[in-house]
Every structure is written in C-alpha cells, then in structure tokens.
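**Q** okay, sequence plus prediction incoming.
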Amino acid sequence: EIRHRLEKLRADGQTIMPCLSVAEAKGWAQEALRELSAEGQHQDHQAEQQMRERRYQAFALMLQATLLGRIRSVQRRAFTDLALYSRIQGLLQSQRNAAACR
C-alpha cells in the first residue's frame, strides 16, 4: 500500500509540474517580488492619499467651525447694537413728545 502510494505520488508529481530550471525559477521569484513591491507601493500611495484627504477634511471642518463662531459673534454684536439704537430712538422720540406737550 505504501509503495503504491509513493509510486502514485511520484507519477502525479512528474505529470502535474515538470522540473524547472534554476534560472527560470529565479526569474519567476524576481517577477513575483517586483509585483509585490509595486502593489505595496500602490497601497502605500493610496494610504497616504486617504490620510491627506482626512487631514483636509479635518482642517475644513475646523475652519468652518471657526468661521461660524465669528459670524455668530458679529451677528450678536449687530443685534445688540440694533436693539440699543432702537431704545435710544424710542427715548429721543418720547423726549420730543414730552417737550412738544409742554
């Protein structure tokens, strides 16, 4: 049984893959290494690009928040100035009305 299995293994091994020369095997190995290196560089480039995009997004969100804060501050100040102006105008009008009644 063991001999039969060994013979079958030898026979299958020879028919499935013939022997390669060392030079051909080296060529295939070098080609595989080049492909792996190129793929690794491509993945590194993609990772850098994604990181750069995330940084730009974070910067844009920070800038947006800062600008919105400034806009709200200016709007509050303008509203306060408008409210004070309205009160002053009301007081002046009431003083004019009081002076006209005298």
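**A** Nice, I can see it.

**Q** which helices and strands sit right next to the helix ranked longest in the chain?
**A** Ranked by number of residues, the top helix in the chain under DSSP state H is helix 22-101. Where contact means 3 or more Cβ pairs under 8 Å, 6 or more residues apart in numbering; DSSP states H and E, helix 22-101 is not packed against any helix or strand. All C-beta atoms are positioned from the backbone trio N, CA, C, and that covers glycine.

**Q** give me the mean pLDDT for it.
**A** For helix 22-101, the mean pLDDT works out to 92.

**Q** off-centre distance for that helix?
**A** Chain-centre distance of helix 22-101: 13 Å, with Cα atoms, centre = their mean, to the nearest Å.

**Q** make residue 1 into 39 and carry on from there
**A** Done: numbering now begins at 39, and the last item shifts to helix 60-139.

**Q** ok, the residue sitting furthest away from the middle of the chain to L129 distance?
**A** When each C-alpha in the chain is compared with the mean C-alpha position (Cα atoms, centre = their mean), R140 comes out farthest, at 73.3 Å. Shown here: R140 relative to L129, a distance of 17 Å by Cβ to Cβ, to the nearest Å.
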